[in-house]
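Engineer: Quick check, what structure comes out for this input:
(one chain, ligands or ions: 1)
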Amino acid sequence: MGIHQQIQGLHRLGQRPGLAVCEFVKLRSSGKPTYDGPMAILSPELVETYKNDGFVVLRGVISAETQAQIADGVAFNMAHPSSWSNDYTPEGSGGRFFDDYVSWGRIPPFRHVALSGALPQMAGELMGTSHPRFFHEHVLVKEPNTVTPTPWHHDDPYYGVEGFDNVSIWVPLDPAPPSVALRCLRGSHLIPRRFIPNRFVDESPYVTTATGFEPFPIVDELEALGETVVCDVEPGDAIAFHYRTLHSAPGTTGHAHRRRIVSFRYVGDDARWITRPWKTSPPFEPNGLNDGDVLDNERFPVIQL
Ligand SMILES: O=C(O)CCC(=O)C(=O)O
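Structural biologist: Numbering: from 1, shown residues only. Okay, here's the model as predicted:
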């Protein structure tokens, strides 16, 4: 069923025509688009696009200084990976697909850009809060000629956090032309379906069944759910997307350059700790948090804008 059919379904459930999407979103978010921090970086149109489409391409919002700091962080991270890092490159194939996350506590440039400046401010504007909470950063580097794609997925089921106020800000450090660019399925954050996570390395599901989650659809079914938008970007740009937005990225076969990106992930006022029916990614331990708790914990700092 496509997004528009699902929205029509909400009309049939007795909601007022024209208000169905808003009401649906309100059910799932704290419903208070209030940002009263410093002068906004983003136009109201960009924020609206984010709410409607579940992603928005932000042009020229990352300064050269911030890019250089993130690049230093990535270089250090790759030289000193954490125990949570992965290499998704199949045996004997070219290229390399490296990822790692939650290193901001030991990599000062990541900490600096995640907790101050344009990134948390844009996150606050997009989520409608003047006190965004940092969730973690995620480094994904594909060397030239990496065969492994980033499979279609949405991030929300991987995370031990429940809520609708959230955003990942995907920051490229290298040009990402259409052949290697992130793909986002427009409006997919509003689809009232959640999918069992698949492992990036072989696309096998974490579990076969789980209450409230469906096996991941085949790509044809998925692409029929909405419009796939190819978000080609340059360094300086960023892509903001919702944890429920379905997205993917090709490998870099035939692409002569590296593709380094870091996603900085934030949550808003309605975020609550949740136990999933699988080990989450990142595999944060509860450390005293119970299901339904606000993420008040030094691992998830709040930024006062
Ligand atoms: O850039 C990629 O390859 C995928 C990024 C991604 O899945 C994410 O940041 O959630």
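Engineer: Show me how far stretch 71-78 is from its chain's centre.
Structural biologist: Relative to its parent chain, stretch 71-78 has a centroid offset of 20 Å by CA atoms, centre = their mean, to the nearest Å.
Engineer: got the buried residues for it?
Structural biologist: Going by neighbour count (16 or more other CB atoms under 10 Å), the buried part of stretch 71-78 is 71, 73-74, 76-77. The C-beta positions use only the backbone N, C-alpha and C, and glycine is treated the same way.
Engineer: In helices only, show me those.
Structural biologist: 71, 73-74, 76-77 (DSSP state H).
Engineer: Return the member of those nearest to the ligand.
Structural biologist: Taking CB to the nearest ligand atom as the measure, Val74 is the one of those closest to the ligand, at 12.9 Å.
Engineer: mind checking which helix or strand the most centrally placed residue in the chain is in?
Structural biologist: The geometric centre of the chain, computed from its C-alpha atoms, lies nearest to Ser168 (CA atoms, centre = their mean), at 3.8 Å. Applying DSSP states H and E as the criterion places Ser168 in strand 166-172.
Engineer: Do the next helix or strand after that strand and the ligand come into contact?
Structural biologist: Tracing the chain past strand 166-172, the next element assigned as helix or strand by DSSP H and E is strand 182-185. Yes. Legend: contact between strand 182-185 and the ligand by CB under 6 Å from any ligand atom is shown at Leu182.
Engineer: now the ones in helices among the buried residues of stretch 71-78 in TSV, with pLDDT?
Structural biologist: Written out in TSV, the entries for these read as follows (pLDDT from 0 to 100):
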residue	pLDDT
Ala71	98
Gly73	98
Val74	98
Phe76	98
Asn77	98
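Engineer: other SSEs contacting the helix or strand encompassing Phe134?
Structural biologist: Assigned by DSSP H and E, Phe134 belongs to strand 133-142. For strand 133-142, the elements it packs on are helix 64-79, strand 97-101, helix 108-115, strand 259-267, judged by 3 or more CB pairs under 8 Å, 6 or more residues apart in numbering; DSSP states H and E.
Engineer: How many residues are close by Leu246?
Structural biologist: When neighbours are defined as other CB atoms under 10 Å, Leu246 has 28 of them.
Engineer: make that Thr34, sorry
Structural biologist: Tallying neighbours of Thr34 according to other CB under 10 Å, which is how burial is gauged here, yields 11.
Engineer: Next: Glu298.
Structural biologist: Neighbours of Glu298 under the rule other CB under 10 Å: 7.
Engineer: swap in Pro44?
Structural biologist: Using other CB under 10 Å, Pro44 has 9 other residues around it.
Engineer: same thing with Arg272?
Structural biologist: When counting by other CB under 10 Å, one arrives at 16 neighbours for Arg272.
Engineer: Touching, it and Val294? I think so.
Structural biologist: Yes. Here Arg272 reaches Val294: they are 6.5 Å apart, a contact under CB atoms under 8 Å.
Engineer: low pLDDT regions in the stretch 101-250 of the chain?
Structural biologist: Along the stretch 101-250 of the chain, no part satisfies pLDDT under 70.
Engineer: Tell me the residues of it that contact the ligand?
Structural biologist: The interface of the stretch 101-250 of the chain toward the ligand, taken as CB under 6 Å from any ligand atom, is made up of 138, 140, 150, 155, 168, 170, 182, 247, 249.
Engineer: Out of the residues you listed, who's the most crowded?
Structural biologist: Within those, most neighbours by other CB under 10 Å means Trp170, with 27 neighbours.
Engineer: Nearest approach to Asp87 belongs to which of the helices and strands packed on strand 133-142?
Structural biologist: Of all the helices and strands packed on strand 133-142, it is strand 97-101 that lies closest to Asp87, at 5.7 Å by CB to CB.
Engineer: Domain boundaries for the protein, per the record?
Structural biologist: Following automatic domain parsing, the chain resolves into domains at 1-31, 36-273.
Engineer: Could you single out the most deeply buried of the helices and strands packed on strand 133-142?
Structural biologist: When neighbours are counted by mean count of other CB atoms under 10 Å, the highest per-stretch mean among the helices and strands packed on strand 133-142 falls to strand 259-267, a mean of 25.
Engineer: Thank you, goodbye.
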